[in-house]
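Trainee: for reference, the sequence and a predicted model appear below.
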Amino acid sequence: MAASVVGLAPPAFAGNQISMQVHCELPLDQPPIEGEQLVTLEGPADAVRPGDKVKIRVTLGPNAGTSPIPFPGTPTTPSIELTMSGGATGTVRLQGPQMIVDIPGAPHQILIPPYEGELQIPIEATGDISLTPGKMVTTTAIFGSQVTTCFPTGPVPVSTVVKITNQDAPVNPAQGPASTTGAGPSAKSVVPAAPPSQAPVGTGSPSGPESPGPSSATIQAKSSASDSSGGGGLSGAAVFGIAAGALVLAMAVVTMLMSWRRHTEDD
């Protein structure tokens, strides 16, 4: 689990300074050295929930290692491992920001300024979490990049305890209650009304339902009924057509006879 660096802030912290014996591997071909290292871890004074992110402040005493010559204004990046116990177990590496440190020459010891990091409480935490300091790695920009590593040589006491509350996170009201299956009445489907521009047009009055116009099926049924009713005899239009045709034929015959008679009398 990684911890990201955040800026220094003044929230309420709680923690104790502890002393541990360390073995340090020094850069620049210096022999390793052992000595005392004071460490103070400070966590939030108030209880937090599993899954929350908390700030941890690290304050170190003078380092057991020294430098053969002074290096003023040296870019330095510290980090420390924290061991969790109690409500959650594991190890997390807390890395500080790059800072400018005036490294003194021997026999003066090196002092790293306090720094903070952000730690996310494991979601499976079941109770208060104790934090114990462990291995420290410090990187300095001297002749490239130089690394100093110090790790405890014996048991280390707890420096701070992060209190964990069992209070649940608030329920999102937008999600609403979970659906259930039972013998209760089922929800009815709601069909939205058609907008005014799409409402059907009828002939009914405002006080009653509109009378729907005839459908295409109704119109076709009436036409079929009319055709079937006229299939048994001639319609009036057909009789009138036949009479008119006979009258025209008769007039044509009379005209021909009169013309023929007039022609005979002339001869």
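Mentor: Now that the structure is in, tell me what you want to look at. Treat the numbers as computed from the prediction; the structure is a model and nothing was measured.
Trainee: list the contacts of residue 79.
Mentor: 93, 94, 95, 96, 136, 137, 138 (Cβ atoms under 8 Å, 6 or more residues apart in numbering). From N, CA and C alone the C-beta is placed, and that goes for glycine too.
Trainee: looking at those residues, which is nearest residue 38?
Mentor: The shortest approach to residue 38 among those belongs to residue 136, at 11.8 Å (Cβ to Cβ).
Trainee: show me how the protein divides into domains.
Mentor: Residue ranges for the domains of the chain, per automatic domain parsing: 2-162, 215-266.
Trainee: those domains: lowest mean pLDDT?
Mentor: Lowest mean pLDDT within the domains of the chain: domain 215-266, a mean of 56.
Trainee: return the most buried member of the domains of the chain.
Mentor: Among the domains of the chain, ranked by average contacts under mean count of other Cβ atoms under 10 Å, first place goes to domain 2-162 (a mean of 16).
Trainee: can you map out the strands along the protein?
Mentor: Remark: strands assigned in the chain by DSSP state E are 2-5, 13-14, 17-25, 33-44, 53-60, 71-86, 90-95, 99-103, 115-120, 129-140, 146-152, 160-162.
Trainee: quick check: angle from the longest one to strand 53-60?
Mentor: Regarding strand 71-86 and strand 53-60, their directions subtend 130 degrees when assessed with axes from the mean of the first three to the mean of the last three Cα atoms, to 10 degrees.
Trainee: partner strands of strand 71-86 and their direction?
Mentor: strand 90-95 (antiparallel), strand 99-103 (antiparallel), strand 129-140 (antiparallel) (DSSP bridges).
Trainee: angle of the second one against strand 115-120?
Mentor: Read it as strand 99-103. Using the same axes, to 10 degrees: strand 99-103 against strand 115-120 is 140 degrees.
Trainee: if I look at the closest residue to residue 113 other than its chain neighbours, how far off is residue 111?
Mentor: Nearest residue to residue 113, sequence neighbours excluded (Cβ to Cβ, 6 or more residues apart in numbering): residue 99, at 5.9 Å. Distance, residue 99 to residue 111, using Cβ to Cβ, to the nearest Å: 12 Å.
Trainee: cool, residue 82 as well?
Mentor: 21 Å.
Trainee: beta partners of residue 129?
Mentor: Going by DSSP bridges, residue 129 is paired in beta bridges with residue 86, residue 162.
Trainee: done for today, thanks.
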